[in-house]
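1. Need the 3D shape of this:
(chains A and B)
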Number of protein chains: 2
Amino acid sequence: MASVKVPASVPEPYEDAEQLKKAFKGWGTNEDLIIQILAHRNATQRKLIRDSYSAAYSEDLLKDLDAELTSDFQRVVLLWTLSPAERDAYLANEATKRLTASNWVIMEIACTRSSDELFKARQAYHAKYKRSLEEDVAYHTTGDFRKLLVPLITAYRYEGEEVNMTLARKEANILHEKISDKAYNDEELIRIISTRSKAQLSATFNYYNDHHGHEIIKDLETDSDDEYLKVLGAAIECLKTPEKYFEKVLRLGIKKLGTDEWDLTRVVTTRAEVDMERIKEEYHRRNSVTLDRAIAGDTSGDFKRMLLALIGHGDA
Amino acid sequence: MASVKVPASVPEPYEDAEQLKKAFKGWGTNEDLIIQILAHRNATQRKLIRDSYSAAYSEDLLKDLDAELTSDFQRVVLLWTLSPAERDAYLANEATKRLTASNWVIMEIACTRSSDELFKARQAYHAKYKRSLEEDVAYHTTGDFRKLLVPLITAYRYEGEEVNMTLARKEANILHEKISDKAYNDEELIRIISTRSKAQLSATFNYYNDHHGHEIIKDLETDSDDEYLKVLGAAIECLKTPEKYFEKVLRLGIKKLGTDEWDLTRVVTTRAEVDMERIKEEYHRRNSVTLDRAIAGDTSGDFKRMLLALIGHGDA
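-> The predicted structure follows:
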């Protein structure tokens, strides 16, 4: 379901590193060459290129990219070149900083990654920031957001397919009761959402839908001015059908007056090796236009070329 | 600081497996042989013995030990033979079950393990129980205990030695303010205790001691009938000076009318390969009698011999 296209025959990492070094040299940077290489290598290959680059030139590829590129193109290339765990750690850290604070990004990372991916992000966070991810999230959030986000970001959910139907029934009823009472920050509600496996939650949400007349997400949309309620609803969407959540982020990001480049960049770089094909299907279904065309119409230059390459437009 | 004594020359795992199989044969079990082997092998060696045993006899060593042994001796041998992560998962699961429920054991596992040990216990919990550790802890606890134990058990604390003194000062003052107000379940207090690194907390507790007149633990001992307050105080002791916490568990376990075999067994099996030598020093210092003598005086038979072997009494 990944959208990234890796050529059938990939050059050796030292060759890619050499080409990248060349792309930085002389008058102006060769952005096309950078895209041609980096946008068509998977995470393991990019790691080997970084290692080769550092061995050959005693320099950090990321620092050179940072120095050579600018603006949205710089951000998309840098984020993409990081390993998935480093990238999640970076995005989560940014989301705890005052000027770039985002409860949404924290929720998104917590709820759409696999348990091991989330744990690896926590390890990468230690290595990079000398603190724990939950430490920064807990410190920089307050009130209901803290109550919700700390358990979400520290979860290590069971990933088996086993489902306990009795429990699903019981917990669907708890969720319905709390939502009917508008007790959206209730600790039982948060316990269920933040600890149960995705398979178990899916059974719980299905029971809710079948026996309480509406999808749980619809029941949460009543007070839609409330930011906490929006994040809670989005968390449920992320746990249930992440492709729908990401489709919506892309749709709103593209429709926005001026386009939200950060949202576009984050979704494309974090999903290109995971489930971008499903997100593209969902996007097409929902908007009657392909994501490729929507992005092409709304962005430009190297930034556009990089995004399109990552979502699998054209050949490797 | 481990107390277990491994002989200079250790037999091959298949030889140990063969000897154990022999110990089970004929009239009665050879408990001495079981102690002689298992109590003098480290975790890696025990794992290899289990693998060899299973390869040679198509049987699970743990199941055979379970069938051959009884009572306290059975429990100490079984717990010891498990890997540290499996043992923690087992103890934590037991602590969430109605008849063996213990907020103390959950707190102890959460606060005295390294971040990686705690994470490995969470992985072992998935494998064995098909649920997550935090899922069961959150489901089986309520009120203040849940508020405290869920963040403790899901923590993945940073383990570097870096300390932020400004933060230590600030958070020592927060802790003092909350404790003065008897707001022991306050979310800021729980955030600090459950997310900060042990090095950072140590600086915070030192500042508290230096500027607020008492050790933080002393300030928590005022309402000592309150079970939650006791567990909170013990959590702080575990994070600060685990050897003192374990000394106290052993002391009370031994002094108790009838001895608390479960506490003795848990502390000895979980610490014998970690910091038992420090706990023994602390025990001697505090009780003017060695832990060896105290245990020898209070237990008997194979159970006694196994405990003494694990705490390093006699030769390997």
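2. make it CA atoms for all contacts and neighbour counts henceforth
-> OK.
3. Up against chain B, what does chain A have?
-> Residues of chain A lying close to chain B by C-alpha under 8 Å from any C-alpha of the partner chain are A:122, A:126, A:130-132, A:134-135, A:138-139, A:151, A:154-158, A:160, A:162, A:191, A:195-197.
4. repeat that for 7 Å
-> Contacts of chain A with chain B, taken as C-alpha under 7 Å from any C-alpha of the partner chain, map to A:126, A:130-132, A:134-135, A:138, A:154-158, A:160, A:191, A:195-196.
5. Tell me which two in these are the farthest apart.
-> Pairwise distances across those peak at 32.2 Å for A:Lys130 and A:Gly160 (criterion: C-alpha to C-alpha).
6. Looking at those two, which is more packed in?
-> Neighbours per residue, other C-alpha atoms under 10 Å in any protein chain shown: of A:Lys130 and A:Gly160, the larger number sits with A:Lys130, 17 against 14.
7. give the contact list for that one.
-> Applying C-alpha atoms under 7 Å, 6 or more residues apart in numbering or on different chains, we find A:Lys130 in contact with B:Tyr158, B:Gly160.
8. can you pull the pLDDT of it?
-> pLDDT for A:Lys130: 98.
9. Now the phi/psi pair for it, please.
-> With angles defined as degrees, to the nearest 10, A:Lys130 sits at phi 60, psi 30.
10. how much space between it and B:Phe205?
-> The gap separating A:Lys130 from B:Phe205 is 20 Å, by C-alpha to C-alpha, to the nearest Å.
11. do A:Asp275 as well
-> According to C-alpha to C-alpha, A:Asp275 stands 46 Å off from B:Phe205.
12. So for the two, which sits in the more crowded spot?
-> A direct count of neighbours by other C-alpha under 10 Å for A:Asp275 and B:Phe205 places B:Phe205 higher, at 23 against 17.
13. Now the host helix or strand of that one: buried residues?
-> Take DSSP states H and E as the rule and B:Phe205 turns out to sit in helix B:198-212. By neighbour count with 16 or more other C-alpha atoms under 10 Å in any protein chain shown, helix B:198-212 contains the buried residues B:Lys198, B:Ala199, B:Gln200, B:Leu201, B:Ser202, B:Ala203, B:Thr204, B:Phe205, B:Asn206, B:Tyr207, B:Tyr208, B:Asn209.
14. who touches that helix?
-> Applying C-alpha under 7 Å, 6+ apart, the external contacts of helix B:198-212 come out as B:Glu161, B:Val163, B:Asn164, B:Ala168, B:Arg169, B:Glu171, B:Ala172, B:Glu215, B:Ile216, B:Leu239, B:Lys240.
15. at 8 Å instead, please
-> Residues from elsewhere that reach helix B:198-212, judged by C-alpha atoms under 8 Å, 6 or more residues apart in numbering or on different chains: B:157, B:159-165, B:167-169, B:171-173, B:176, B:193, B:214-216, B:239-240.
16. again, but for stretch A:80-90
-> With contact meaning C-alpha under 8 Å, 6+ apart, stretch A:80-90 is reached by A:38-39, A:43, A:46-47, A:62, A:79, A:109, A:117-118, A:120-122, A:124-125, A:133, A:269-270.
17. what does stretch A:232-249 give?
-> Applying C-alpha under 8 Å, 6+ apart, the contact partners of stretch A:232-249 are A:107-108, A:111-112, A:148, A:193, A:198, A:201-202, A:217, A:220-221, A:263-264, A:267, A:275, A:278-280, A:282-283.
18. what do you get for stretch A:268-282?
-> With contacts defined as C-alpha under 8 Å, 6+ apart, stretch A:268-282 is touched by A:1-4, A:42, A:76, A:79-80, A:84, A:87, A:243-244, A:246-247, A:290-291, A:307, A:310-311.
19. Any of those residues buried? List them.
-> Neighbour-count burial (16+ other C-alpha under 10 Å) applied to the contacts of stretch A:268-282 gives A:2-4, A:42, A:76, A:79-80, A:84, A:87, A:243-244, A:246-247, A:290-291, A:307, A:310-311.
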